[in-house]
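[1] My questions are about this predicted structure, shown below with the sequence.
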Amino acid sequence: MRPIPLLVAKPGLDGHDRGAKVVAAALRDAGMEVIYTGLHQTPEMIATAAVQEDVDVVGLSILSGAHMTLFPKVRALLHDQGRDDILITGGGIIPKEDMNALRAQGIGELFGPGTPTTALIDYIRDWFSERERQEA
């Protein structure tokens with residue numbers, strides 16, 4: 001299996017990126033090709049970077065409470081650029097009912113504080129393997 005290219009992004013005005021950096025390092029250590037965009041990214045910047053870098057996964061780290069706006073906006077922008085095939089996942093301070101609502105809109109699994117990084121790694125690998133099988 002080829003390395004999984006993914007983009008980790010911090011949308012919005014939230015200035016806390018320690019968690020995103022820990023996740024990015026764990027994903028890189030797991031053999032994935034990680035691009036970290038840094039703080040204060042707009043949904044447009046994230047979608048553009050994802051398309052330009054030809055990633056398979058976008059992971060958003062959101063602690064600001066704007067998850068119900070930012071996840072769907074990134075998804076819509078990727079759709080507009082013909083990239084519905086990109087998994088959008090992520091985490092942060094997201095209530096369970098909002099996680100369920102976002103999943104119903106096509107967003108992937110979302111992870112809260114304290115989730116072991118192995119859970120995210122396994123989720124991305126399983127998603128990627130299933131997609132590769134379907135394309136074969």
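    Yes, it's here. Numbers count the residues shown, from 1 in each chain.
[2] what are the ranges of the strands in the protein?
    5-9, 33-36, 57-62, 87-92, 110-111 (DSSP state E).
[3] Can you list the low-confidence ranges for the chain?
    For the chain, the stretches with pLDDT under 70 are 1.
[4] Let me know the outermost residue of it.
    What lies farthest from the middle of the chain is residue 136; by C-alpha atoms, centre = their mean that is 24.2 Å.
[5] Just list the residues touching the residue nearest the centre of the chain, thanks.
    A centroid search over the chain (C-alpha atoms, centre = their mean) returns residue 59, at 1.5 Å, as the residue closest to the centre. The contact partners of residue 59, by C-beta atoms under 8 Å, 6 or more residues apart in numbering, come to 6-9, 23, 27, 89-91, 120. (Glycine included, C-beta is placed from N, CA and C.)
[6] what about it, distance to residue 94?
    Distance, residue 59 to residue 94, using C-beta to C-beta, to the nearest Å: 13 Å.
[7] Over to residue 30?
    Distance, residue 30 to residue 94, by C-beta to C-beta: 23 Å.
[8] give me the number of residues near the closest residue to residue 16 other than its chain neighbours?
    What sits nearest to residue 16 in space, not counting adjacent residues and going by C-beta to C-beta, 6 or more residues apart in numbering, is residue 63, at 5.5 Å. Residues contacting residue 63 under the criterion other C-beta atoms under 10 Å number 19.
[9] OK, contacts around residue 63?
    14, 16, 19, 92-93.
[10] same deal with residue 32?
    With C-beta under 8 Å, 6+ apart, residue 32 has these contacts: 3-6, 121, 124.
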